[in-house]
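Peer 1: Return atomic coordinates for the entry below.
(chains A and B, ligands or ions: 2)
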Amino acid sequence: MSTETEPTLAELERRATRSGPAYGQDALIVCDRLVRVFQADGVEVQALQGLDLLIKEGELTAIVGASGSGKSTLLNILAGLDTPTAGSASVAGCDLLGMDAKTRLGYRRDTVGFIWQRTSRNLLPYLTAAQNVALPMQLRGRSRGMGVGRRGNRARMARAAELLDLLGMSHCLDRRPAGLSGGEQQRVAIAVALANDPAVVFADEPTGELDTATAEQVFSALRTANSELGTTILVVTHDQAVSSEVSRTVSIRDGRTSSETLRHVRTDENGGESTVSREYTTIDRSGRLQLPPEFTEPLAIRDRVLLELQPDHIEVRPDTPPPV
Amino acid sequence: MTRRTDLRRGRGLAAAWTWTRLRAAPGAALAFAALLMVTAFTAAALPRLIDGYENDALRESVAEAPLRDQLVSGTAEAVYGGPETDPRELVLPPALDRSAEAFRRAVRPPLPADRDGAVYGVHNRKPAAAIDPGFPRPSPQLTPRTSLVAQPDLARHSRLVEGRMPGGRLTGPPGERHVEAVLTPATAHRMKLRTGDTFRLAGLSGETTVKVTGLISPRSPGDVYWKAEPSLDRPTLKSLKPPGPGSEPEHYWHFSAFIDRQATAALLDLKDGAELFWHQQLRTGGIQAHQVAELRDTLTSLTVGRDATRLEQAAAVGPITFNEGLVELLASFERERSAVAPLLLMATLGLATAAVTVLLLWGVLAAARREAELALWRSRGSSLRGLAGRLLAETAAVGLPAAALGTATALLITPAGRWSQALPAAAVVTAVALFTLPVRAALTHRRPQVPSQRSDMLRGRRSRRRTVVEVTVLTLVVGTLVALRRRGTGGGGEDGGSPDPMLSAAPVLLALAVALVLVRLYPLPLRLLSRPAARRRGPVAFLGMARAARAPSAAVAGLPLLTMLVALTVAAFGGTVLAGIADGREAAALRAVGADARLDSPEQLSGKVLAQVRKADGVADVSEIRVFHGGDVVDSSSGVTAGSGVTVVIAEPRAYARLAERTGFGAFAERALRPGKGAGGPDQALPALVSAPLAEKMADRASVSVPGLELTVHAEVVRQSTPAVRGADFLVLSRAAVERTRPDTADSALVSPNSLLLSGSSLDSAALRELVPDKGSDLTLNLRTEQRDSYSDSVLQSGAERLYVGAVLAAAGFSALAVLLSLLQTAPERITLLARLRTMGLPRRQGRWLLLIESLPMYVLAAVAGVLTALASVPLLRPGIDLTTLAGTPAADPVHLATDPLSLALPALCLLILACAALLVQARIAGRTTDLRMEPL
Ligand SMILES: Nc1ncnc2c1ncn2[C@@H]1O[C@H](COP(=O)(O)OP(=O)(O)OP(=O)(O)O)[C@@H](O)[C@H]1O
Ligand SMILES: [Mg+2]
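Peer 2: Residues are numbered from 1 along each chain as shown, chains lettered A, B, ... in the order given. Ligands and ions are numbered 1, 2, ... in the order given. Just a heads-up that it's a prediction; the model follows:
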């Protein structure tokens, strides 16, 4: 995606040290050959096996994939809760590998927000909705933003009310999580994630425990946050309805990005709008290509294929032509 | 609701954090407060209780000592030719008053001098012989002895009953001195003196004549003024045992006469010259047990040290000799205390360990319970310090007032004792309680955690660091124990000084080592067991085993295990100690009495008494014996004396054999004492039961002579002990046999009984006491039960025992708490599991079994390990612990630690019962719960 221009000296240096071309310069989230290996009872599990991902600022992106494909692992790494085994990742200019504990803490406070699947895990049960939203601001402390003492408190509560209002939750200000429905809890959780005005919000199956109608509400809250506040949002979901509503869906297979679906709205001659979606397969930086099973199985493609370069495309054929 | 009110409500958010969190779980906060309050109370109260108990014991032993030993007393000589040039100066009031002032100054803190309880004066150095023949003489050859005493303020301390006070003027030259004196009425009466009488005292050369000018009676006879010196207010009968064997003690009267302070020069004419004396009483209430060593040092320094030099310079009366009584008293108290101290220290350490572990457990469990919450805090951007600080604020908000309350209560209800131990102990306990949760949380959440459900797997991971720490601790502990064991057997209590704290820590250390090993190893046998369990048909055994075998977190499973082990060990060991003491007292009492009761008379017992005793309630058996003390045994062949002072017993053999059998003191067959066939006639050697030392010294035949009887005997049975005699040299003969060889003695006073040994498990002591009139009878009655109770009547023993039992019970209480805590922690999970299994069709009864099978292995293991640890500490500690002092029995009957199965098993059983009960209650609760969504957070 980067257009070839004369490289600056710094750029050259970076290339030399990273031993690769400039990658994802204008992206907010950059994952470069991300690897995460878990050790469990002496067995190694490769959750991420060299994952590449670029996400631009302001995007609302869905990540889909089979269970165990490494989605949560990726999100936890990006949220600064986990560290990758190898590769590199940066979010909003923060290098996730090279952070010490202090910058990591600042990163979690200021740069990212997080929403988990289990509604009960996102909120402290003994605080009201407003207090829960105010909590991250308070944890960030007086260094930035709201000021100290009573004035700071008032400012924080004002911002909490504002956020909840934005997400249509102003009626729940003083209720504790136990008195909220699952959908309401998740919307409060979105407000919590947005509290410190982060650059990115990660949501790991935020609608996983909810019915379709409620999931729709929660998702629209996420979309509101994306459109109104311009926050970049990365959401992991199993929900087809959800993934069909975002402009970009990245699917992960075996710890690698495998394909992407891009949607855009096209206005036809009559002024009617229709969504056009196109599926792409991703080609990684060493040229590896993953062919989806819907393509390979009907043609019984296995082991190897024949490639032929045409002027504007590449042809992929099965090794042995099927019997006529 | 407007936005504005919402905002206002949100105001004190930051300030109210702690409060909000605490209010969310008031139960836990209150329970924490209660736990800390009780623990701080215990920590503050125990050292003060021990202090108070030791003070009581010390004051008791001081109060029970003779008054002279309670005083700081010094004397100095004033004799012609002594180190001081002119003794006449020394005995006069100016020199005396000056020296008394110096003495008073010298007895200064830490010696708690009683300003009112001081007396000084001068008297003749040794009581002088009063040579007038008119004096009463209990032993005609001994004359009474007299002390002439001059103490200041005599008029103030006495009332003049008749006559006048003595004058200060001496008349006559040395050798023919006349001096005036007054007596107390008691002295005058006993010595048959009246006002106006004179009596003569033997002097250096010639005599001193004392004229009685009047009688004075003490105003307060109990006062130190009258009691510090002997025989001041009344004569005392002294006895003297002349040298030579078999001599009878002889008696004489010692009495005092008071002379004027100006007349003291008369003392110098008496045989041994004069002696200055000073007595300073101490406030018994001001003596603290922990100061004993310091007091002794001060006294020693006063006797021989720097203070002594200073005192002698200030007093200027020549060398001053101090009475050793008080130092001896303090030293013997210290010896006894250091015999008891290791046991108390052991119980205290056990209690401390149990209490601290419970507090640690509380913090660790709280951190585990709140793991998800804390992880959320961290992932929302809380710094580590912020997290720990917030938790500390939380624990402090609840814990500090609770700890303060507990400590204050302890200080209030234990008025005695020092603060210097109570306050630090309470502070340590409080710090442990407050800091465990924050520190543990900070350690767990050092890196923010991914809130995942895979926590089980994560926890199961064995960290190498843990192994290293465990191995290190284990090595240290085992090393200490080995060193201890070596030293213990090498020469226990050689130094006899302060108790070895390491020795007292042995049970705790042992428990720690075993706990470490157990936490590591106990899943192994369970995993092995779970394999056959899986093959069986029912799901219960398999499920239970599988759950039990899950690797527990070291802290969550290990801490209760450690608490249980420590408490079990200390409790079981304590039970052993107490049982050992009780057994030792029983044995010593039986040894001392020889039967359940013993009736002695110097003369032959009347038939009436015999009949009455046989009829008395509860008397099951009576053994009639005749006891001769001081018999001589001469070897027949060589004519060498094998023993003099042998106790010879002529017993009715059947009853006596039964008694020996029952008491275990040298059981023998009654037949053995019957004379052989064809016996009869005076030359026949009688079969005798002989003590081992005596048997060694006499050959086959020996002649025994007691007053009025001479018999030839041969040692038929040799025994170490026999019921009737305590000493080492004894000889028992059958009465029937004696009567057959010496028919002249039959039914005579010579062989008829003067002692009765009574048996009966429920003797009516009151009825027996009635047989023994208080006055006018030579009968003495000894009851085994009374003898036994007499061993425990000193404060040092009974107090130590009480404290020990208290500490052990408290430790047991804390360990029970640990068990309940650990069970409570996992309760929600278990209840949910049970409820789920029930929906799958698990019958209620099987559910109960599942709970038991899952949790009991750990408790069974802990119980068994606790018993084994206690068992192991018995030989480990045996050399270093002197139970005899604690039991209060005489040194001749030493009490040893013995393993007592009941006291070993009882605490373990209690633990198991408690665990079962708690589990069954949970099963019941699970039976009622239907909410399956309840998940352990
Ligand atoms: N803490 C861990 N320890 C060991 N293995 C782990 C751990 N976390 C994840 N894994 C493994 O990594 C792989 C990816 O897990 P991950 O949770 O990222 O999958 P996922 O895509 O989120 O699946 P799902 O859609 O079911 O949530 C899985 O095979 C999992 O077993
Ligand atoms: Mg996941």
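
Peer 1: which parts of the stretch 1-150 of chain A sit against chain B?
Peer 2: By Cβ under 8 Å from any Cβ of the partner chain, the residues of the stretch 1-150 of chain A that approach chain B are A:40-41, A:72, A:76, A:79-82, A:101, A:104-105, A:108-109, A:114, A:116, A:120-122, A:124-127, A:130-131, A:134-136, A:138-140, A:150. (Each C-beta comes from the backbone N, C-alpha and C, glycine too.)

Peer 1: List the ones among the residues you listed that fall in helices.
Peer 2: A:72, A:76, A:101, A:104-105, A:108-109, A:120-122, A:130-131, A:134-136, A:138-140, A:150 (DSSP state H).

Peer 1: Now A:Met99: closest residue in space, sequence neighbours ignored.
Peer 2: Sequence neighbours aside, A:Tyr107 is the residue nearest to A:Met99 in space, at 6.3 Å (criterion: Cβ to Cβ, 6 or more residues apart in numbering or on different chains).

Peer 1: and if you look at B:Val627?
Peer 2: That would be B:Ser755: by Cβ to Cβ, 6+ apart, it lies 5.1 Å from B:Val627.

Peer 1: picking that back up, filter the ones in helices among the residues of the stretch 1-150 of chain A next to chain B down to the buried ones and express that as a ChimeraX selection.
Peer 2: Selection of the buried residues among these in ChimeraX, burial being defined by 16 or more other Cβ atoms under 10 Å in any protein chain shown:
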select /A:72,76,104,105,108,109,120,121,122,130,131,134,135,136,138,139,140
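
Peer 1: So A:Val35 versus B:Leu562, what's the distance?
Peer 2: For A:Val35, the distance to B:Leu562 equals 42 Å [Cβ to Cβ, to the nearest Å].

Peer 1: between these two, who's got more neighbours?
Peer 2: Remark: of A:Val35 and B:Leu562, B:Leu562 carries more neighbours, 26 against 15, as counted by other Cβ atoms under 10 Å in any protein chain shown.

Peer 1: close enough to count as contact, the more buried one and B:Leu509?
Peer 2: No. Applying Cβ atoms under 8 Å, one finds B:Leu562 not in contact with B:Leu509, separated by 11.4 Å.

Peer 1: Secondary structure element holding B:Leu215?
Peer 2: Element membership of B:Leu215 [criterion: DSSP states H and E] is strand B:207-218.

Peer 1: who does that strand pair up with?
Peer 2: With DSSP bridges as the test, strand B:207-218 is paired with strand B:158-163 (antiparallel), strand B:176-183 (parallel), strand B:198-202 (antiparallel).

Peer 1: which of the ones you listed sits most buried?
Peer 2: Neighbour counts (mean count of other Cβ atoms under 10 Å in any protein chain shown) averaged over each of the strands paired with strand B:207-218 peak at strand B:176-183, with a mean of 23.

Peer 1: Count the residues that sit near B:Gly175.
Peer 2: B:Gly175: 12 neighbours (other Cβ under 10 Å).

Peer 1: try B:Ala582
Peer 2: B:Ala582: 17 surrounding residues under other Cβ under 10 Å.

Peer 1: cool, A:Arg302 as well?
Peer 2: Under the criterion other Cβ under 10 Å, the count of neighbours that A:Arg302 has is 10.

Peer 1: One more: B:Phe665?
Peer 2: B:Phe665: 19 neighbours (other Cβ under 10 Å).

Peer 1: and the residue of chain B found nearest chain A, what does it touch?
Peer 2: Closest residue of chain B to chain A, Cβ to the nearest Cβ: B:Ala24 (3.1 Å). Contact analysis of B:Ala24 by Cβ atoms under 8 Å, 6 or more residues apart in numbering or on different chains lists A:125-126.

Peer 1: go on, B:Ala130?
Peer 2: B:143-146, B:199-201.

Peer 1: and the residues you listed, which two are the farthest apart?
Peer 2: Largest separation among the contacts of B:Ala130 by Cβ to Cβ: B:Arg145 and B:Arg200, giving 13.1 Å.

Peer 1: Just confirm B:Gly643 is within a strand.
Peer 2: Yes. Looking at B:Gly643 with DSSP: H, G, I helix; E, B strand; the rest coil, it is inside a strand.

Peer 1: Spatially nearest residue to it, not counting backbone neighbours?
Peer 2: B:Val633 (4.5 Å).

Peer 1: Run me through the strand neighbours of whichever helix or strand that neighbour is part of, direction for each.
Peer 2: For B:Val633, the enclosing helix or strand under DSSP H and E is strand B:621-635. In the sheet, strand B:621-635 lines up against strand B:641-651 (antiparallel), strand B:701-706 (antiparallel), strand B:755-759 (antiparallel) (DSSP bridges).

Peer 1: report the angle between the axes of the next helix or strand after the longest one and strand B:755-759?
Peer 2: Downstream of strand B:641-651, the first helix or strand assigned by DSSP H and E is helix B:653-663. Angle, helix B:653-663 to strand B:755-759, by axes from the mean of the first three to the mean of the last three Cα atoms, to 10 degrees: 50 degrees.

Peer 1: now what about helix B:653-663, what contacts it?
Peer 2: So helix B:653-663 is contacted by B:590, B:594-595, B:621-625, B:666-670, B:673-674, B:722-724, B:732, B:734-737, B:757, B:759 (Cβ under 8 Å, 6+ apart).

Peer 1: among the residues you listed, which are in helices?
Peer 2: Mapping the contacts of helix B:653-663 onto helices (DSSP H) picks out B:590, B:735-737.

Peer 1: could you dump those residues to CSV with neighbour count?
Peer 2: Shown next, in CSV, are those (neighbours: other Cβ atoms under 10 Å in any protein chain shown):
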residue, neighbour count
B:Leu590, 20
B:Arg735, 22
B:Ala736, 17
B:Ala737, 21
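
Peer 1: Distance of the most centrally placed residue in chain B relative to B:Leu883?
Peer 2: Nearest to the mean C-alpha position of chain B, counting by Cα atoms, centre = their mean, stands B:Gln797 at 3.2 Å. As judged by Cβ to Cβ, B:Gln797 and B:Leu883 stand 11 Å apart.

Peer 1: tell me the SS of B:Glu603?
Peer 2: B:Glu603 ends up coil, using three-state DSSP.

Peer 1: show me where pLDDT drops low in the stretch 651-800 of chain B?
Peer 2: B:676-683, B:773-777 (pLDDT under 70).

Peer 1: Helices along chain A, start to end?
Peer 2: Along chain A, the stretches classed as helices by DSSP H are A:9-18, A:71-78, A:101-110, A:119-122, A:129-140, A:149-166, A:182-194, A:212-229, A:240-243, A:293-296.

Peer 1: Show me what the host helix or strand of B:Gln280 pairs with in its sheet, parallel or antiparallel.
Peer 2: In the assignment (DSSP H and E), B:Gln280 maps to strand B:274-282. Here strand B:274-282 has these sheet partners by DSSP bridges: strand B:71-78 (antiparallel), strand B:113-124 (antiparallel).
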